[in-house]
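Enquirer: Compute the structure for the input listed below.
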Amino acid sequence: MSGRDSVRLVARREIVERGTEKAFVVSTIVSLVVIACVAVLPNLLGIGGKDEYTVAVVDRSMQPIADAAVRAADAFDADVTLGGDDPDATLAGGGVRAQEKPDDKLVEILQAANARVRSAAALRDAGLGDREAADALSPPALRVTTVEPVNEAAEERGGFAFIAVLLLYGQLIGMGYFVAMGVVEEKSSRVVELLLSTLRPRHLLTGKIVGLGLLGLGQLLLLGVVGLAAAGVSGALDVDGDVLVAAGLALVWFTVGYAFYAAAFACAASLVSRQEDLQSVISPLSIVLMVGFFVSFGVAADPDGTLAKVTSYIPPVAPMTMPPRIALGEASTVEIVGALAVTLGATALLVPLAARIYSGAVLRTGGTIKLRDAWRAAQA
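Expert: This next block holds a predicted model:
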């Protein structure tokens, strides 16, 4: 059997066995539901939209202030409605009454409306007509210009970047753990001895990584399609060409990051023979992934800052720091290509090293094997 056929056979086995496991199917369904809810519920619940307030008027003398508040609310990114059985505030006795402390934004709207009404009255008392008073109180707005182009969709893209990083982190650590679990299960059950009687260690490792990688990529693609479709239908995100490109590049970064971490997880798992010892050898890798996850928040907050640019070229964290920069439009083509080249180069160096350690350790049982001993065993 050729090496290619061996890898294909092992990959098919991993896809069928892991893909039909109840835990994998259930986790996929739960993830789909969560992603759909995250995309749809904010708009349905009014989260992120305009603040809405109701104001009641007791004294007729306060009616002009209430009317002015309705007109001025839009400038505060809010809506004010008059009346209601349970108003947020009541205009009475020359002031504002409320059951409990009213929202600060509502108070600002009412104060601004009060100032406008009283200023208009003062101008009329000074001899200005209604039109002149209105013109004096509504001067032309200042024209705002920026040196850098303004990204109107930045807030939407920020939410997309956060979800993308969350999915990438979950997939990388989840599929890495799948790889590690598979290696230890085969060692503890002695199945690996049967497999290696017909397969070479590097072909077994490559097939396992490829199979689980395709499974994880398919799952991530499904989650992405459902999430983008739900966000587009609900109006939570304008799914345009830039978003689709960013989503596609996120899949590319998952593939690169998965290849890097899967080799490392498999290498670490081959050093132990019991499930109880697995956590101790993969913890450092999990910590590195977690560090990259938290660093991505800082990158999303300042995607053009020093932290973002430096971490884009550090292979262990680049798969989680580059996607938010791409989603927010702050990564140039040169940076994307350069970061991919560096991470691919690091992966190309790591995979053969991991395969060698795996080859030297996968048939050895007992306690935890030292890296040096595994390396020497492979050489022998």
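Enquirer: From here on, just use CA atoms for contacts and neighbour counts.
Expert: Fine.
Enquirer: strand partners of the lengthiest strand in the chain, parallel vs antiparallel please.
Expert: What stands out as the longest strand in the chain, according to DSSP state E, is strand 51-57. Under the criterion DSSP bridges, strand 51-57 sits next to strand 78-82 (parallel), strand 89-92 (parallel) in its sheet.
Enquirer: a markdown table for those, including mean neighbour count, distance to L106 and mean pLDDT?
Expert: Formatted as a markdown table, the strands paired with strand 51-57 follow (neighbours: other C-alpha atoms under 10 Å; distance: least, C-alpha to C-alpha, whole Å; pLDDT from 0 to 100):
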| stretch | mean neighbour count | distance to L106 | mean pLDDT |
| --- | --- | --- | --- |
| strand 78-82 | 18 | 8 | 88 |
| strand 89-92 | 21 | 8 | 87 |
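Enquirer: of these, which approaches A246 most closely?
Expert: strand 78-82 (32.1 Å; C-alpha to C-alpha).
Enquirer: what does that closest one rub up against?
Expert: K50, D51, E52, Y53, T54, V55, A56, V57, A66, A69, V70, A73 (C-alpha atoms under 8 Å, 6 or more residues apart in numbering).
Enquirer: now, which of those sits nearest G207?
Expert: Closest approach to G207 among the contacts of strand 78-82 (C-alpha to C-alpha): K50, at 52.2 Å.
Enquirer: For the longest strand of the chain, buried residues please.
Expert: Judged by neighbour count using 16 or more other C-alpha atoms under 10 Å, the buried positions of strand 51-57 are D51, Y53, T54, V55, A56, V57.
Enquirer: Could you work out the most separated pair of the contacts of strand 78-82?
Expert: The largest separation in those, counting by C-alpha to C-alpha, is between K50 and V57 at 22.3 Å.
Enquirer: follow-up on the earlier one: export the strands paired with strand 51-57 to CSV and tack on distance to R376?
Expert: Converted to CSV, the strands paired with strand 51-57 look like this (distance: least, C-alpha to C-alpha, whole Å):
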stretch, distance to R376
strand 78-82, 69
strand 89-92, 78
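Enquirer: Tell me which of those sits nearest to R143.
Expert: Taking C-alpha to C-alpha, strand 78-82 is the member of these nearest to R143, at 22.0 Å.
Enquirer: can I get the CA coordinates of that closest one in CSV?
Expert: The C-alpha trace of strand 78-82 is given here as CSV (Å, rounded to 0.1, in the frame of the first residue of the first chain):
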residue,chain,number,x,y,z
ALA,A,78,-33.1,57.4,21.2
ASP,A,79,-36.9,57.5,20.8
VAL,A,80,-39.2,59.3,23.1
THR,A,81,-42.9,58.5,23.2
LEU,A,82,-45.5,60.5,25.1
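Enquirer: With adjacent residues omitted, what lies nearest to Y169?
Expert: Closest residue to Y169 apart from its sequence neighbours, by C-alpha to C-alpha, 6 or more residues apart in numbering: F293 at 6.5 Å.
Enquirer: Which of the helices or strands spans that neighbour?
Expert: Assessed by DSSP states H and E, F293 sits inside helix 275-301.
Enquirer: how close does the closest residue to L307 other than its chain neighbours sit to Y258?
Expert: Leaving aside its chain neighbours, L307 sits nearest to V299 (6.6 Å; criterion: C-alpha to C-alpha, 6+ apart). Distance, V299 to Y258, using C-alpha to C-alpha, to the nearest Å: 21 Å.
Enquirer: between these two, which one's more packed in?
Expert: Under the criterion of other C-alpha atoms under 10 Å, the comparison of V299 against Y258 puts Y258 first, with 27 against 23.
Enquirer: And the closest residue to that one other than its chain neighbours, how close does it get to G83?
Expert: Closest residue in space to Y258, ignoring its immediate chain neighbours: L172 at 5.8 Å, by C-alpha to C-alpha, 6+ apart. Between L172 and G83 the distance is 53 Å, computed by C-alpha to C-alpha.
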